[in-house]
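Novice: Predicted structure and sequence below. I'll ask about it afterward.
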Amino acid sequence: MELSSAQLNALQYAQSILDDAGLSPRDLNTPITPLPLSIPDPCPAILAAQYIPPPARSFTLDEISAGAHRINRQSIVHAITNHPQGVVVEYPQTGSSEGNAVAHIFTLTCDSNTMEFNLPQFNFQYSLGDSHGGLNGVQCHLLRDSSGQPVICKKLSTSYMFCTFRYFFNTIHSYTNRLHVAELIAPPLIPFEDNAKREVFLKTFAFFCSLMEHGCAFMASLECVSLDDDTDDVSSMASAAIDDEYNATRHSSHHYIQCQFRSRDDPSHLILHNLQEFDISYLQALVNDDKVLIASHEEDARQDGYGPLVPCCFVAAPSERKQLCPHWHRSSNGNLARETLLKWEHHCTAKFDIFIPKDLPACPQIAVICRNPHSHPPPAPIKTPPLLVNLFRSLLLDMDWQLADATPRQIVLDSGFMKGLRIALGWAADRSPCLSDIHPSLANLDHVRHLINAFRVEKYPLGTGFEGARLLVDEENKWSQEQRYEFEIEAWDNDHMRSVTGARAFTTSQSAQAHLILFQRIFQIAEEDTGLSVSFHHIHGTGYKSVVADGHMGQGLGLGMFCVELCQNNTMICAYERNRQLRDLNPYDHLRRFYRVCITHFKRNVLALRTHVSSEVYSAMLSLASSEPQPDIEKTYATIRRGGRKAQGEFYGQFFKLSSSTDEQTAWLKDKLVTNKFILAAIYRPASLIPEVIWRACPSTTNSNEQAHRSANRDGVNLTLLGGIMRGRDFDERAAQSIEIHALLGINTRDQDSTHVRRATRSIVRQALVQ
């Protein structure tokens with residue numbers, strides 16, 4: 001096939017583009033590999049907590065000769081780490097040997113909520129508290145002001161509060177971080193074989209320990225429980241109990257254990273039948289305190305690496321506030337007990353000196369000097385750094401009223417909370433994140449519950465019961481009826497003869513500025529959903545030709561302000577006033593071109609004045625709502641002016657905001673009537689610029705919209721905000737579906753089709769009823 005010259009030129013141009021990119025036509029058949037999706041960045045708090053501090057660097061000879069290693073004239077440090085601003089360090093490196101010191105320089109950030117600086121020592125997992133001391137007015141050469149001079153600081157000296165333990169094992173450390181702390185926390189475990197024998201022993205031992213600790217729940221204190229041979233008489237078995245603490249017996253080939261005081265006359269005491277899962281021989285020895293048989297069972301267990309004779313390796317940080325070891329042990333006197341936790345035998349020599357500048361805003365840095373190594377394992381990361389606590393708090397408070405019933409389980413099932421968590425973590429994995437992905441300490445659900453309760457008390461100081469509910473009601477009752485305001489945008493669908501809700505919003509502000517924001521967001525969302533920009537007929541030549549509303553001042557002015565925004569750079573000539581450009585129109589000018597007020601609302605406001613004015617004035621007021629020009633409009637204005645304060649003040653005040661002075665009223669009214677602003681132009685067509693055909697085609701009332709509003713209210717009123725939104729959404733979904741079915745299948749919502757004739761008939765009947 002011969003190619004035209006234009007086609008040949010196109011091919012040559014395409015070939016040149018490929019050559020410039022280093023490609024050939026054959027590359028066009030190569031499958032294109034999609035670019036990998038970018039992984040979102042975590043929020044600043046998560047990034048700060050993910051920081052892994054590098055090992056401290058030693059000072060160079062030049063730095064030492066320059067005195068850069070000096071804290072002051074008496075003290076020096078041997079290594080230093082300058083941490084980035086706002087990072088979280090949970091395990092600050094200490095000196096690697098006795099007398100060795102490491103300096104940490106932290107650049108602080110300010111908490112946006114409290115406007116206070118986040119101090120680094122509150123991120124430390126080490127519990128600081130023993131041997132407190134402090135000095136004011138101390139000079140620190142490691143911190144410098146803007147002129148390079150040493151900063152005057154407050155010095156806080158402290159040491160590590162010793163961890164508690166059951167048995168000692170030695171772990172000296174000076175440097176670790178959250179990723180590697182697990183290697184140092186747990187001591188090497190004695191190897192054991194996880195088999196059925198071990199499981200039966202531990203279940204039996206745990207069962208006996210539980211009986212020792214709790215006994216019969218019916219008794220105020222632990223009482224005797226008998227263990228003996230077969231007997232059909234339970235009461236005689238109980239009375240036959242000797243000094244043994246427990247008494248067990250077999251009955252019908254089944255073992256059971258019961259409280260000594262259980263009898264036919266008093267059957268409320270403990271009895272347990274399900275003993276087949278225990279080692280009866282070992283349980284019998286424990287109940288009868290058979291020391292020889294007990295020692296045999298427990299020594300066999302010890303050799304296999306389990307049981308009460310195995311050395312305990314439990315360690316707890318002081319912040320956990322544990323008093324007793326969670327494990328039961330056989331003490332030196334042969335008794336079973338949960339031993340009291342002791343402080344670490346070998347006093348930790350690690351010391352912390354914290355230098356806080358007297359003027360933190362001028363020098364937002366803190367120096368932490370860590371001397372000597374730790375003589376114990378590092379504590380587990382059980383404390384949540386304050387920065388992450390604040391992040392967790394913000395995620396919970398975003399749940400709004402659902403925080404009232406939040407639990408650790410419910411928050412991870414809440415889609416809103418999980419969405420916020422994904423965003424905060426920069427989560428890109430297929431699985432859902434866990435709370436422990438924020439920090440390992442949040443794997444402890446009791447800790448999570450404690451935080452939730454604290455934030456709940458903050459949000460609901462009177463709780464979430466009756467008193468809390470009453471507080472919320474009292475707060476809502478402080479709002480006036482005007483503040484409890486629902487805003488809707490509805491359109492009349494001529495094809496299906498019904499009102500369609502396009503937008504529904506809840507707000508506590510009725511100002512023009514608030515409505516401007518509403519219109520901006522509503523039309524922005526509509527454009528994002530449809531790809532079509534909002535258009536008004538008087539501006540774009542297409543789009544909205546008329547809008548009928550209830551006469552709300554803020555609503556109308558807000559819509560006019562939105563039109564002004566649309567025409568900011570529009571130099572086109574107005575179709576209705578050829579001597580003006582669209583960008584020169586003010587909000588009232590725009591409203592004159594498309595805005596109408598519901599006649600029903602207008603007449604309702606006039607009706608409220610009927611008893612305060614004469615019939616002549618009342619008729620003159622009503623006559624303003626007309627599509628036809630008045631024979632003598634000035635005479636009508638004069639009649640209303642003679643109607644007294646109510647006619648001038650209240651009637652015109654509703655629509656024109658008259659001032660108190662009569663002269664000012666007259667001047668103001670004259671100005672507003674000449675320029676035809678807002679309400680008058682919205683009820684009296686000759687004062688408007690809306691073409692007559694559009695004026696007559698536009699509905700004169702908002703009755704259809706009010707009917708839709710009433711129908712939605714029948715689904716429920718006095719709802720919570722969330723309930724109102726959800727009910728409104730369901731109502732709108734049903735309306736949209738019924739329209740779709742009517743369009744596809746011709747099935748209406750009523751037996752009688754909604755036609756213009758039927759609508760006119762219903763309107764006449766209603767007007768007749770209210771006359």
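Specialist: Yep, it's here.
Novice: residue ranges of the helices in the stretch 301-450 of the chain, please?
Specialist: Taking DSSP state H, counting those that start in this stretch, the helices of the stretch 301-450 of the chain run over residues 386-397, 408-413, 415-425, 445-459.
Novice: The last one to helix 386-397, inter-axis angle?
Specialist: Interaxial angle of helix 445-459 relative to helix 386-397 (axes from the mean of the first three to the mean of the last three CA atoms, to 10 degrees): 70 degrees.
Novice: Need the contact partners of helix 445-459.
Specialist: 382, 384, 389, 392-393, 396-397, 403-404, 406-408, 411, 435, 441-442, 463-464 (CB atoms under 8 Å, 6 or more residues apart in numbering). Where C-beta positions appear, they are placed from N, C-alpha and C, glycine not excepted.
Novice: List only buried entries from those residues.
Specialist: Among those, the ones that count as buried by 16 or more other CB atoms under 10 Å are 382, 384, 389, 392-393, 396, 403-404, 406, 408, 411, 435, 441-442, 464.
Novice: now, which of the residues you listed sits nearest Y544?
Specialist: The shortest approach to Y544 among the buried ones among the contacts of helix 445-459 belongs to L403, at 41.3 Å (CB to CB).
Novice: For G416, see how far away the closest one is.
Specialist: 11 Å (CB to CB, to the nearest Å).
Novice: Next: S688.
Specialist: 46 Å.
Novice: Which of those two has more residues huddled nearby?
Specialist: Taking other CB atoms under 10 Å, S688 and G416 do not tie; S688 has more neighbours (24 against 13).
Novice: Tell me the spatial nearest neighbour of that one, not counting adjacent residues.
Specialist: Excluding the flanking residues, the one nearest S688 by CB to CB, 6 or more residues apart in numbering is A681, at 4.3 Å.
Novice: Would you map the strands across the stretch 501-650 of the chain?
Specialist: Remark: strands assigned in the stretch 501-650 of the chain by DSSP state E, counting those that start in this stretch are 547-549, 595-597.
Novice: Just give the number of residues close to the residue nearest to S688.
Specialist: Counted with other CB under 10 Å, the neighbours of A681 add up to 23.
Novice: Enumerate every residue touching it.
Specialist: A681 neighbours (CB under 8 Å, 6+ apart): L591, R592, Y595, A687, S688, L689.
Novice: can you check Q85 too?
Specialist: The contact partners of Q85, by CB under 8 Å, 6+ apart, come to T107, L108, T109.
Novice: at 6 Å what do you get?
Specialist: Listed by CB atoms under 6 Å, 6 or more residues apart in numbering, the contact set of Q85 reads T107.
Novice: The one 5 residues further on now?
Specialist: Each residue near E90 by CB under 6 Å, 6+ apart is listed here: N123, Q125, R178.
Novice: Could you dump those into JSON lines with neighbour count added?
Specialist: Formatted as JSON lines, the contacts of E90 follow (neighbours: other CB atoms under 10 Å):
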{"residue": "N123", "neighbour count": "22"}
{"residue": "Q125", "neighbour count": "21"}
{"residue": "R178", "neighbour count": "19"}
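Novice: For this structure, which element, helix or strand, carries the lowest mean pLDDT?
Specialist: helix 234-239 (a mean of 28; mean pLDDT, DSSP states H and E).
Novice: Could you give the number of residues near S511?
Specialist: Using other CB under 10 Å, the number of residues around S511 comes to 14.
Novice: and if you look at P308?
Specialist: For P308, the count of nearby residues is 18 (other CB under 10 Å).
Novice: So for it, what's the nearest residue that isn't a sequence neighbour?
Specialist: R330 is the one closest to P308 (CB to CB, 6+ apart), at 4.3 Å.
Novice: tell me which residues form a beta bridge with the one you found?
Specialist: Residues in a beta bridge with R330, per DSSP bridges, are L336.
Novice: Between the helices of the stretch 301-450 of the chain, which one is closest to A505.
Specialist: Closest of those to A505 is helix 415-425, at 19.1 Å (criterion: CB to CB).
Novice: my guess is I172 contacts P373, does it?
Specialist: Yes. Assessed by CB atoms under 6 Å, I172 is found in contact with P373 at 5.3 Å.
Novice: Neighbour count: those two, which is higher?
Specialist: Between I172 and P373, counted using other CB under 10 Å, the more crowded position is P373 (20 against 14).
Novice: Mind pulling up the pLDDT for Q284?
Specialist: Q284 carries a pLDDT score of 85 in this model.
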